[in-house]
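# here's my sequence, what's the structure:
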Amino acid sequence: MVKVDKEDLKKRIIERLKTIYDPEIPANIYDLGLIYKIDIQGEEYGKIKVDVDMTLTSAFCPVSDFLVNQVKDVIEQFDEVEEVNVNLVFDPPWDRSKMSDEAKLQLGML
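This next block holds a predicted model:
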């Protein structure tokens, strides 16, 4: 078995999450601040479980299922990941302050 570096895995997951774009806002979901938590659990030589808490810009987002499934699919592509749980949460509610400077710049807010 290969040793799993959880910090490295988290960095690689974040990079993949940055390839998922909100269909209504031209920025990726990570920089928009929609990912609240990435929790990596498991043995360093075993299969890993990843729990993600994410939100949406609106509780009425018409593509919520699509985005949640995309997040799950992207993380499941890592060989060392055995299980992925994506929890859709609305507390705390999303607001523009959660956006990265990169997203604000991209959207003309800086």
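# quick one, helices of this structure?
6-17, 64-76, 101-106 (DSSP state H).
# can you redo those helices as CSV with mean pLDDT and distance to Leu56?
Every residue, glycine included, has its C-beta placed from N, CA and C. Converted to CSV, the helices of the chain look like this (pLDDT from 0 to 100; distance: least, Cβ to Cβ, whole Å):
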stretch, mean pLDDT, distance to Leu56
helix 6-17, 96, 14
helix 64-76, 95, 6
helix 101-106, 90, 15
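# how much space separates the closest residue to Phe66 other than its chain neighbours from Ser58?
Among residues not flanking Phe66 along the chain, Pro23 sits closest, at 7.8 Å (Cβ to Cβ, 6 or more residues apart in numbering). Per Cβ to Cβ, to the nearest Å, Pro23 is found 13 Å from Ser58.
# what of Lys47?
Distance from Lys47 to Ser58, by Cβ to Cβ: 35 Å.
# related to what we said a few turns ago, can you count the residues close to the residue nearest to Phe66?
Neighbourhood size, Pro23 [other Cβ atoms under 10 Å]: 11.
# surely it touches Val63?
Yes: counting by Cβ atoms under 8 Å, a contact exists between Pro23 and Val63, whose distance comes to 5.5 Å.
# circling back to that earlier point, now distance to Trp94 and mean neighbour count too, for the helices of the chain, in TSV please.
Shown next, in TSV, are those (distance: least, Cβ to Cβ, whole Å; neighbours: other Cβ atoms under 10 Å):
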stretch	distance to Trp94	mean neighbour count
helix 6-17	15	14
helix 64-76	12	16
helix 101-106	12	16
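# compare these and give me the one nearest Ala27.
helix 101-106 (4.3 Å; Cβ to Cβ).
# packing partners of the closest one?
Contact partners of helix 101-106 among helices and strands, from 3 or more Cβ pairs under 8 Å, 6 or more residues apart in numbering; DSSP states H and E: none.
# can I get that helix in PDB, CA atoms only?
Extracted C-alpha coordinates of helix 101-106, given in PDB (Å, rounded to 0.1, in the frame of the first residue of the first chain):
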ATOM      1  CA  ASP A 101      -9.700  37.800  -4.000                       C
ATOM      2  CA  GLU A 102      -9.100  35.900  -7.300                       C
ATOM      3  CA  ALA A 103     -12.900  35.500  -7.700                       C
ATOM      4  CA  LYS A 104     -13.600  39.100  -6.800                       C
ATOM      5  CA  LEU A 105     -11.000  40.200  -9.300                       C
ATOM      6  CA  GLN A 106     -12.400  37.900 -12.000                       C
END
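# many thanks, have a good one.
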